[in-house]
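[1] just to be clear, the model below is a prediction. Sequence and coordinates:
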Amino acid sequence: YIFAAMGSLTVQDSLFATNETASATESPVHLGSLSTAGGVCAVITSSTFAGNSSGVAAGLDVYASMCIAVAANDIFWGSPLDAVRFEYPAWTYLANDDLDDLAEAANAAQATGVVSLDPMFYPDFSLHDLSPLRDMGTPGGFIFNLEPYDVAGNPRVYGDNPDIGAFETHDIIFADGFEL
């Protein structure tokens, strides 16, 4: 559980992968805010949630009641059941996210640029050089700003736009290891 008792929770440039729970009712990853004051109370950006599993629940549970949850430039992918569950979708805003099932965004207050594309992960959950999620992110704006570095400490933007997910893909010219 990662919650803000008061105010807003920010999760940025983070990787949550292969977490499991034996609970009969719980998701392995919970994020949110206990704030009920309105406004923005949870901002999740440029992060990857992949392969988190529970026998009966989504891989990630996002809780924001009576306040706005924003998810932008994130990957929610590869959980046996739903990859993500927004407990209050009418208070949820999604921008440039990759969901393994678009139904997970069906009741969001707003969903812009949401896709369902295989991210083409490497074993460390970074994006393959040919991933369709490269340069598909949004540069931020009024609600959130991008951090200058990704989860691995590399510059966040390499190309026209940021990549979706926790990792920014860089030099693809010699990515196969073959150099002349």
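    Alright, I've got the coordinates.
[2] how about the most centrally placed residue in the chain, what does it touch?
    Taking Cα atoms, centre = their mean, the centroid of the chain lies closest to Asp74, which sits 2.7 Å from it. Taking Cβ atoms under 8 Å, 6 or more residues apart in numbering as the contact definition, Asp74 lies against Ile44, Thr45, Ser46, Ser47, Thr48, Phe49, Asp97, Asp98, Ile164, Gly165. The C-beta positions use only the backbone N, C-alpha and C, and glycine is treated the same way.
[3] same thing but at 10 Å, please
    In this structure, Asp74 makes contact with 11-12, 14, 44-49, 60, 84, 94-99, 137, 164-166, judged by Cβ atoms under 10 Å, 6 or more residues apart in numbering.
[4] these in helices, which ones?
    Counting by DSSP state H, none of the members of the contacts of Asp74 fall within helices.
[5] how far out from the middle of the chain is the element among helices and strands of the chain having the smallest mean pLDDT?
    Of all helical and strand segments in the chain, the minimum by mean pLDDT, DSSP states H and E falls on strand 2-4, at a mean of 86. Distance of strand 2-4 from its chain centroid, counting by Cα atoms, centre = their mean, to the nearest Å, is 16 Å.
[6] buried set for that strand?
    By 16 or more other Cβ atoms under 10 Å, the buried positions in strand 2-4 come out as Ala4.
[7] what is it packed up against?
    Contact analysis of strand 2-4 by 3 or more Cβ pairs under 10 Å, 6 or more residues apart in numbering; DSSP states H and E lists strand 9-12, strand 29-33, strand 40-45 as its packing neighbours.
[8] out of the ones you listed, which gets nearest to Thr18?
    Ranking these by distance to Thr18, with Cβ to Cβ as the measure, places strand 29-33 first at 10.7 Å.
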